[in-house]
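Engineer: Provide a 3D model corresponding to the input given below.
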Amino acid sequence: MHLHSQSSSLLVVTGSLCLMLALALAWCLVGVRSAAALKTLFPSYQNLLKAHIDYLMMTGLLMIFFLLCAHFAVAPPPLVVMAMCIGSMMNPVGFIALAMKPDLRQHPASPFGLVMAASFTLTTIGYAGAAWSVGAAALFTW
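Structural biologist: Residues are numbered from 1 along each chain as shown. Below is the predicted model:
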C-alpha cells in the first residue's frame, strides 16, 4: 500500500471534467428538443442521453474513489489512476459518436469497436485496481 498521493488528485480533476461535460450534454439534450441545428448534429437523442448519464456515473465513481483513497490513506498505482481517468473520459465518447452518427459500424474489428474495446479495457483495469487497493486497505484496518 502506498500513502495517499498527488496522483489520486487526478481523480478529482477528471471527475470535475466529466461533470462539466455532463452539464454541456444536458444543454445539448435541451437544445435537441428545440433547435433544428442540434437535432441535425445529434440525430440519436437516446445515445446523447446515454453519454450524459455515463459522464454523471463516471463523475460519481471518480469522486467516490478519491474520497475512499483519502479516507484509507492509500493511492492506487499510477497506472490504475491513469486507466481510471482515461477510461472514464473515453467510455461516454462512444455514445456521443453514436448520437452523431447512429449508423456507425460497431463491429469489434471496426475502428470504432477497437477504440471502445480499448476504452472498456482501461476502465476495467482502472476501477478493478482501485477497488482492490481500497478493499485491501479496508480489510487491513478492520
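Engineer: which residues of this protein fall in helices?
Structural biologist: 9-34, 36-41, 45-72, 78-100, 111-140 (DSSP state H).
Engineer: want to throw these into JSON lines with mean pLDDT?
Structural biologist: Output for the helices of the chain, formatted as JSON lines (pLDDT from 0 to 100):
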{"stretch": "helix 9-34", "mean pLDDT": "97"}
{"stretch": "helix 36-41", "mean pLDDT": "94"}
{"stretch": "helix 45-72", "mean pLDDT": "97"}
{"stretch": "helix 78-100", "mean pLDDT": "97"}
{"stretch": "helix 111-140", "mean pLDDT": "96"}
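Engineer: dump those to JSON lines, plus mean neighbour count.
Structural biologist: In this view, the C-beta of every residue, glycine as well, is placed from N, C-alpha and C. Listed next are those as JSON lines, based on neighbours: other C-beta atoms under 10 Å:
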{"stretch": "helix 9-34", "mean neighbour count": "17"}
{"stretch": "helix 36-41", "mean neighbour count": "12"}
{"stretch": "helix 45-72", "mean neighbour count": "19"}
{"stretch": "helix 78-100", "mean neighbour count": "20"}
{"stretch": "helix 111-140", "mean neighbour count": "16"}
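Engineer: ok, Trp142 to Val134 distance?
Structural biologist: Trp142 sits at a distance of 13 Å from Val134 (criterion: C-beta to C-beta, to the nearest Å).
Engineer: my bad, Leu98
Structural biologist: In terms of C-beta to C-beta, Leu98 sits 32 Å off from Val134.
Engineer: okay, which residue is most central for the protein?
Structural biologist: Central residue of the chain (C-alpha atoms, centre = their mean): Ser88, 2.0 Å from the mean position.
Engineer: contacting residues around the residue nearest to that residue when sequence neighbours are not counted?
Structural biologist: Spatially, and ignoring its direct neighbours in sequence, Ser88 is nearest to Met58 (3.9 Å; C-beta to C-beta, 6 or more residues apart in numbering). If you count contacts by C-beta atoms under 8 Å, 6 or more residues apart in numbering, Met58 has them with Gly15, Cys18, Ser88, Met89, Asn91, Pro92.
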